[in-house]
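1. Everything below, folded, please.
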Amino acid sequence: MPSRGGGGGEDAAAGGVLRMFGQWTLTGRGTENVSRLVYKIENRHRLGTDIAPQDLGFEAGYAGLTAVPFSDIGWALTNLFWNLHFLGNRVGFVAGVVDSTDYVDVYGLVNPWTDFSNLAFSTDPTIPAPNQGLGAAARIMATDNYYILGGIADANGDPTDHGDSINSFFSDAEFFTHIEVGWISSWERRFSDNIHLTAWHVDEREQAQVSDGWGVAFSFSRFFADTWEPFFRAGYARDGGSMWEGSISVGLGYHTRKKSDVLGVGLNWSRPNEDTFGPGLDDQYTAEVYYRIQVLKVLTLTPDIQLVFNPAENPDENMIAIFGIRERISF
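-> A predicted model of the protein is given here:
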């Protein structure tokens, strides 16, 4: 994933992720009242470069992440939770080792494995969602279309050391909490047809020297004619260690006649959080275009272009360009 116009650091990065996951249905198989044990084990690593793709933006002076999941953390247990649906799926509950980005502020093109690479178009960067760790969340369908979702997670989650992570949940008691109210057109389209407002709070993280904070985020996405998927997303944070203080994103997903191929276009304005990066940084503007191609049933290729204007930590450059390609094999 090479770049041009960097800030004097590394200008190329490559990485890979091996993911093994599954679920064990405990009760209610084939019904709407079901309980499951869900697990996911991953290995995230560099491939022949000095840095992982997740860090490439920082090397170029961008206050943001250019390839969200492609880090260099090695082996990690990213999911091990109990999932329960009951009352005809009116109520859902998860508890255990969770990834709060699986359910906080999601929309139809949020998946960094298949859609946008930049964090600007995934979970809102104004939300300081913690790494995977102990947590719980509950979702209630007030009607067929309106829902309430809330939860708590360890603000110091560490998927590579769950012994320490479990201990910190109970001993440090520093939590990320959230609540979301939203509308969906149907359960089947709960991601693509989704309008919601999310509020969050994070406690002060004493050892990490990160202040407490709060914020709100809004998201709108709809799927029209089984082809067009526009979205609008905005967020604001007050401290709390989030990446950005303010963010506005607009974009569109175009699903081809094959349905499996997708063209995505996104535009973003962001203001880095002074609590994280310090004062005096300029606003940034980010654009991303990707095209997901289903080459074979098990193979997907996704060329990707990202343009960053006014990178906050590289005032000598007006624009940096990052070119990438993802290959995904699933079976």
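
2. ok, longest helix in this structure?
-> helix 162-171 (DSSP state H).

3. ok, residues contacting that one?
-> The contact list for helix 162-171 (CB atoms under 8 Å, 6 or more residues apart in numbering) reads 77, 97, 133-134, 154, 156-159, 174. (Glycine included, C-beta is placed from N, CA and C.)

4. Only the buried residues of stretch 172-180, if you could.
-> Residues of stretch 172-180 classed as buried by neighbour count (16 or more other CB atoms under 10 Å): 172, 174-178, 180.

5. Strands along the stretch 151-300 of the chain, start to end?
-> 175-184, 194-202, 213-221, 228-239, 244-255, 262-272, 284-296, 299-309 (DSSP state E, counting those that start in this stretch).

6. among those, which is nearest residue 30?
-> strand 175-184 (22.9 Å; CB to CB).

7. Starting from that closest one, tell me which strands it pairs with and how they run.
-> Paired neighbours of strand 175-184 in the sheet (DSSP bridges): strand 146-154 (antiparallel), strand 194-202 (antiparallel).

8. Need the residues that contact the first one.
-> The reference is to strand 146-154. Residues outside strand 146-154 that contact it (CB under 8 Å, 6+ apart) are 94, 98, 100, 103-104, 130, 133-142, 165, 168-169, 174-184.

9. Swap in 7 Å and give it another go.
-> Outside strand 146-154, the residues that touch it by CB atoms under 7 Å, 6 or more residues apart in numbering are 98, 100, 103, 130, 133-142, 165, 168-169, 175-184.

10. And the pLDDT at the residue sitting nearest the centre point of the chain?
-> The chain has residue 123 as the residue nearest its centroid, 3.7 Å off, counting by CA atoms, centre = their mean. What the model reports as pLDDT for residue 123 is 89.

11. In three-state terms, label the closest residue to it other than its chain neighbours for me.
-> Leaving out its chain neighbours, the residue that sits closest to residue 123 by CB to CB, 6 or more residues apart in numbering is residue 101, at 4.4 Å. Secondary structure, DSSP: H, G, I helix; E, B strand; the rest coil: residue 101 is helix.

12. Can you list the residue ranges for strands in the stretch 1-150 of the chain?
-> Using DSSP E, counting those that start in this stretch, the strands of the stretch 1-150 of the chain run over residues 3-4, 15-27, 35-46, 74-86, 91-98, 133-141, 146-154.

13. Nearest to residue 293 among the ones you listed would be which one?
-> strand 15-27 (19.1 Å).

14. Please export the C-alpha coordinates of the closest one as CSV.
-> C-alpha atoms of strand 15-27 as CSV (Å, rounded to 0.1, in the frame of the first residue of the first chain):
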residue,chain,number,x,y,z
GLY,A,15,0.0,-6.5,6.1
GLY,A,16,-2.1,-9.6,6.5
VAL,A,17,-4.8,-11.0,8.8
LEU,A,18,-5.7,-14.6,9.5
ARG,A,19,-9.1,-14.9,11.0
MET,A,20,-10.7,-18.0,12.5
PHE,A,21,-14.2,-17.7,13.9
GLY,A,22,-17.4,-19.6,14.5
GLN,A,23,-20.3,-20.1,16.8
TRP,A,24,-21.8,-22.9,18.9
THR,A,25,-25.6,-22.8,19.1
LEU,A,26,-26.6,-23.7,22.6
THR,A,27,-30.4,-23.4,22.4
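
15. contact partners of that strand?
-> 34-47, 52-53, 69-70, 72, 79.

16. next one: stretch 241-251
-> Contacts for stretch 241-251 (CB under 7 Å, 6+ apart): 64, 119-121, 124-128, 202, 210, 213, 215, 231-237, 264-276.

17. quick one on the thing from earlier: just the buried subset of the contacts of strand 15-27, please.
-> Buried members of the contacts of strand 15-27, scored by 16+ other CB under 10 Å, are 34-36, 38-42, 44-46, 52-53, 69-70, 72, 79.

18. re the thing from before, and the strands of the stretch 151-300 of the chain: which comes nearest residue 327?
-> In terms of CB to CB, the element of the strands of the stretch 151-300 of the chain nearest to residue 327 is strand 299-309, at 5.7 Å.

19. and that closest one with strand 262-272, angle?
-> On the basis of axes from the mean of the first three to the mean of the last three CA atoms, to 10 degrees, strand 299-309 is oriented at 30 degrees to strand 262-272.

20. what are the pairing partners of the helix or strand just after strand 299-309, and which direction each?
-> For strand 299-309, the following helix or strand on the C-terminal side (DSSP states H and E) is strand 319-329. Counting by DSSP bridges, the strands paired with strand 319-329 are strand 3-4 (antiparallel), strand 299-309 (antiparallel).

21. In TSV, list those along with mean neighbour count.
-> Formatted as TSV, the strands paired with strand 319-329 follow (neighbours: other CB atoms under 10 Å):
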stretch	mean neighbour count
strand 3-4	18
strand 299-309	19
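
22. Quick one: low-confidence residue ranges for this structure.
-> Residue ranges of the chain with pLDDT under 70: 1-8.

23. hmm, try it at 90
-> Within the chain, the segments meeting pLDDT under 90 span 1-11, 30, 123, 161-172, 225-226, 256-260, 275, 280, 331.

24. Right, I'll leave it there.
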